[in-house]
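Participant: task: produce atomic coordinates for the following.
(2 chains)
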Number of protein chains: 2
Amino acid sequence: MDIDISKVSERLNLEEDILRSAIERRVISLCKYRDIRYIVFKKKVRHVERGTVLFLNENMDVVMGYPKIRRALVLDPTVKKYFVDKVVVEEKLNGYNVRVVKIDGNVLGITRGGRVCPFTTKKLLKLLDTEILKDYPGITLCGEMVGLNNPYVSHYYPEVDREICEGIRENLGLFIFDIREGSNSLPVEKRIELLEAYRVPHVKPLGVFKKEEVEEIKSIVLKLDREGREGIVMKDPDMLVDPIKYTTHYTHCQDLSVAFRYTFDLGIHFMFSRLVREGYQSYEFKEGEEELEKRAHSIGRSIIYSMVESIWKVARGELITEDFELYFENEEDLEEFLKYLKEVHISYVLKEKEVLKNSIFRVVIGKVYPSTRDKIKSYLEGSLW
Amino acid sequence: MDIDISKVSERLNLEEDILRSAIERRVISLCKYRDIRYIVFKKKVRHVERGTVLFLNENMDVVMGYPKIRRALVLDPTVKKYFVDKVVVEEKLNGYNVRVVKIDGNVLGITRGGRVCPFTTKKLLKLLDTEILKDYPGITLCGEMVGLNNPYVSHYYPEVDREICEGIRENLGLFIFDIREGSNSLPVEKRIELLEAYRVPHVKPLGVFKKEEVEEIKSIVLKLDREGREGIVMKDPDMLVDPIKYTTHYTHCQDLSVAFRYTFDLGIHFMFSRLVREGYQSYEFKEGEEELEKRAHSIGRSIIYSMVESIWKVARGELITEDFELYFENEEDLEEFLKYLKEVHISYVLKEKEVLKNSIFRVVIGKVYPSTRDKIKSYLEGSLW
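Facilitator: Got it, this is the predicted structure:
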């Protein structure tokens, strides 16, 4: 690989041997977006987080991986024990994590895994004013890309519905929830001030509480659940401790549906964790018979309906895919994105493709879940477990 | 270890090196029941099945491990494809697997894992006439020990309810379902004839079908489900192919309850497999809206109620145990069994102990699930996931 090991080693404070071994084990890979070359850490290597990107430019700019946010299984006493004094509660959005940076004059959108995604990169220029990156070139804007029309996590958010051209509506938005410099986050108030000054769409606090006011936080969770929203992220106002998260019953059930639709691809840890969250939530909210029955029913439904539907699909000879409807400004953008999907080894089928007005392309891509299809097929044909 | 490697090697047709390595890795262990010394294969080693026992006596008698019975996820077309011509359907009982052998004049009960269990060994002498082993000393009687009052799988079977002493009832029975010589099984008819001749309680066929008659087999499954029974084992009449099994909705839900009661001990593969079985069953029985709703509800209930109950228990400071009520003929038998539990590293608490008439001891032992208790406790105290 065409990397100057000694320079990278110095830049990241990682020994050359460790770097070399990580490259050999393909934990580090060399990637390219147009003429921008960079390396990605696909797993954590010593102190370097998964998803960290090092650009192979003059400066050797580094964008740290976005850290995993840990989870409370019960709000009480976790919030009281964990936080210092006050807690800022923000909404957790159900989309995909994006880091926005400016490298050598180019604004780029980097996924959680550490790839410059052409879809994200192009869309974010439409979705936010990037002037802030002119004035603060060293920062990373961390946000959630949400909405129906993205290629990773498709979930409708009414607030991001907009007309991109007469009669053509796209459901897509990007909300910044963190500004980082290296691995430090700006204090919440400072971040919000800055984002407001630059008119950057951002996640707004749902409330600031004393850490003892857990009941208020629980009410927020119940409200979000009724509205079909994902959950909350709780932060120390000065970011002195890492944020922690908590999610709604609604989202656990949504996740279970997805997990059982792609039964043999999504992994049993994914589903087990959702079920466990439900147990603690039911306990924490001191549910009685009636609420338990409701919860039981919706858990069971989330599991059985999507699993049986996938079995029926395979029985009828259909593919098991997760479909995403996307809009592109022109054919080159579409082609570039499809090439990117191949590079990152996402296997998909192009299900629909049409040109709308102003040469806008509307496509539906189906992400293929090969294990689910193959295993279901094999069991239906009589294979033994 | 005090084992004659070269003799064992010859007896089992396993190279000495492989034996030595298995002993070092503790895949083979040396055990003792009274003055009977034997070695156990705790995992499969080459052609030697898990649970195989070799007695360190003159003959070096070997009892082969009882093979795992594979599972059909759908009866149709699996049964049609798998069997040769006819299929004997037997009931699958929900208990624990026991191999009964006679070694140097002693009738012994060996568990699936390959240990001579003192509880089982003593009980089986009460439960079956062992004259058959006098006339056929080389055979292994393979059966299921069932009922409430055993230390491994406690499930009530009305047909094994009996009075062991005036006013004292024990729910325990042993049903033989296979007679093996080495690793060969007797044909079904021959086995039943022999067991009937010797008045040995055994699993009776629920029917013999042409392999195309899958609908009849499905009806049996539905009937067993309504009766709250586990499922079926299907066999070739001449045992030309290995038996396969299929289980009821009732038993999947029971299993899920157990899995989520001991949330962090039973393992996620256990629960995932039960959920998957439900999906295929619902598909195979072509369930409509109403049946799907019922299935969803009972799956959800099995998951959430037992999990929440365990969380509440830990919150109240109670132990998470699985309780077994057992009867012993005298205190020595009880002591011997408790010693055995320690040897096989089953951690338990003695919850109740009382002497009834005729010096019969009634005890309740609680099998301890340490991970479930520790993890639930830790999350309730605010640990992050």
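
Participant: list the contacts of the nearest residue to residue A:374 once chain neighbours are set aside.
Facilitator: Distance criterion C-beta to C-beta, 6 or more residues apart in numbering or on different chains; nearest residue to residue A:374, sequence neighbours excluded, is residue A:264 at 7.9 Å. To be clear about C-beta, it is placed using only N, CA and C from the backbone, and glycine gets the same treatment. The contact partners of residue A:264, taken as C-beta atoms under 8 Å, 6 or more residues apart in numbering or on different chains, are A:369, A:371, A:372, A:374, A:375, A:376.

Participant: neighbours around the fourth one, how many?
Facilitator: In this case it means residue A:374. Other residues near residue A:374 come to 14 when the count uses other C-beta atoms under 10 Å in any protein chain shown.

Participant: please apply the same query to the fifth one.
Facilitator: Other residues lying near residue A:375 total 18 when counted by other C-beta under 10 Å.

Participant: returning to what we had before: using the three-state scheme, assign the residue nearest to residue A:374.
Facilitator: Using DSSP: H, G, I helix; E, B strand; the rest coil, the structure places residue A:264 in coil.

Participant: ranges for the helices of the stretch 51-200 of chain A?
Facilitator: With DSSP state H, counting those that start in this stretch as the criterion, the stretch 51-200 of chain A has helices at A:75-82, A:118-127, A:131-135, A:188-197.

Participant: so which of those comes closest to chain B?
Facilitator: Closest to chain B of the helices of the stretch 51-200 of chain A is helix A:75-82 (C-beta to the nearest C-beta; 4.0 Å).

Participant: for that closest one, what is the distance to the chain centroid?
Facilitator: Distance, stretch centre to chain centre, for helix A:75-82: 25 Å (C-alpha atoms, centre = their mean, to the nearest Å).

Participant: next one: stretch A:162-182
Facilitator: So, by C-alpha atoms, centre = their mean, the centroid of stretch A:162-182 is 14 Å from its chain's centroid.

Participant: what of stretch A:313-329?
Facilitator: Going by C-alpha atoms, centre = their mean, where stretch A:313-329 is centred and where its chain is centred differ by 20 Å.

Participant: now it: average pLDDT?
Facilitator: Computed over stretch A:313-329, the mean pLDDT rounds to 95.

Participant: buried sites along that stretch?
Facilitator: Residues of stretch A:313-329 classed as buried by neighbour count (16 or more other C-beta atoms under 10 Å in any protein chain shown): A:313, A:314, A:320, A:321, A:322, A:324, A:325, A:326, A:327, A:328, A:329.

Participant: what does the stretch 1-150 of chain A have sitting close to chain B?
Facilitator: A:70, A:71, A:72, A:73, A:74, A:77, A:78, A:80, A:81, A:82 (C-beta under 8 Å from any C-beta of the partner chain).

Participant: ok and the residue in chain A nearest chain B?
Facilitator: Residue of chain A nearest chain B, by C-beta to the nearest C-beta: residue A:300 (3.0 Å).

Participant: pull the most distant pair out of the buried residues of stretch A:313-329.
Facilitator: Spatial extent of these (C-beta to C-beta) is set by the pair A:314 and A:329 at 36.4 Å.
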